[in-house]
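*Asks:* A predicted structure for the sequence below; I have some questions about it.
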Amino acid sequence: MKLKSRKKYNTLLVTLSGDIDHHSAQEISEGIARDFRHSHCKNIIINFSDVSFMDSSGIGMLIGRYKETEIFGGRLAAVSISRELMKIFKVSGLYKIINCYDNENLALEAFRGE
Amino acid sequence: MENRFHMEFSAVSENESFARLCISAFLLPCDPTVNDMTDIKTAVSEAVTNAIIHGYEGVENGIVTLDARLEKNILHIKVSDTGKGIANIEEARKPLFTTGSDRERSGMGFTVMEAFTDKMAVESEVGKGTTVTMQKRLKCYG
């Protein structure tokens, strides 16, 4: 599992690649939390285009990041979710609390429009 | 045609991806759809993760057993541990139920297993261990 992040406006753009399971979830959580703190951003966008697998450990990780952005009055968005990954977003009800967009630009536009 | 495999591995989190790889490789010859493959990998990952983090919580040298049997296009999976067991299965199966550890757990493991397979059953005895059985009809091309 790899994690890259960069800052755009007041949003931290995170790109994950590889598998998100219980083994990798803690490292991802800590990595995003650390980058988010250092960035002084308000929002987080997580890009899933290179994520090959996610189980319910990923749901826990995302809920954790959702709570963190909420503290700063910010938002969390998930983008570029494959059809296979979307199933776990739907089953868990995650898509009801986390906005999903086709790509980073659409999520950034939605954040700026608020 | 019937095909089966049986494997045992250490209850360590590195083996979650190993278990997913094994079930994928087992199913490849029957050329399953991408959706079915994802569903099976996810369900197995949930069951194996539960065995590692709940079954063998605080226990070293735990062993997880994975059995798979493919009978025509019906896949039978069994994931077992000989760990601490579940006192209240009904409660554990409820969505969002977690044992309240401080880690970021979603409590959706059993819900995902149910949603991603056709049948799922849990047998458990406190102090003896837990066995999860799952069944799924695959849309095979092979």
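*Replies:* Sure thing, it's come through.
*Asks:* Sticking with the closest residue to B:Ala121 other than its chain neighbours, tell me its helix or strand.
*Replies:* Spatially, and ignoring its direct neighbours in sequence, B:Ala121 is nearest to B:Thr133 (5.0 Å; CB to CB, 6 or more residues apart in numbering or on different chains). From N, CA and C alone the C-beta is placed, and that goes for glycine too. For B:Thr133, the host element (DSSP states H and E) is strand B:129-137.
*Asks:* Which residues does that strand contact?
*Replies:* B:36, B:39-40, B:43, B:47, B:50-51, B:54-55, B:73-86, B:113, B:116-124 (CB atoms under 8 Å, 6 or more residues apart in numbering or on different chains).
*Asks:* Which strands and helices lie in contact with the helix or strand bottoming out on mean pLDDT in chain B?
*Replies:* Sorting the helices and strands of chain B by mean pLDDT, DSSP states H and E puts helix B:89-93 at the bottom, at a mean of 86. Helices and strands touching helix B:89-93, by 3 or more CB pairs under 8 Å, 6 or more residues apart in numbering or on different chains; DSSP states H and E, are helix B:109-116, strand B:119-125.
*Asks:* mind listing what's buried in it?
*Replies:* Of the residues in helix B:89-93, B:92-93 count as buried by neighbour count, 16 or more other CB atoms under 10 Å in any protein chain shown.
*Asks:* Output the helices and strands packed on helix B:89-93 in TSV; the columns should cover mean neighbour count.
*Replies:* TSV is the format used below for the helices and strands packed on helix B:89-93 (neighbours: other CB atoms under 10 Å in any protein chain shown):
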stretch	mean neighbour count
helix B:109-116	23
strand B:119-125	15
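*Asks:* would you list these in CSV and tack on mean pLDDT and distance to A:Asp55?
*Replies:* Listed next are these as CSV, based on pLDDT from 0 to 100; distance: least, CB to CB, whole Å:
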stretch, mean pLDDT, distance to A:Asp55
helix B:109-116, 95, 7
strand B:119-125, 97, 15
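*Asks:* Minimum distance to A:Ile59: which of those has it?
*Replies:* The minimum distance between A:Ile59 and these falls on helix B:109-116, with 8.4 Å, by CB to CB.
*Asks:* partners of the most centrally placed residue in chain A in the sheet?
*Replies:* Centroid check for chain A by CA atoms, centre = their mean gives A:Ile46 as the closest residue, at 3.1 Å. Beta-bridge pairing for A:Ile46 (DSSP bridges): A:Val14, A:Ala78.
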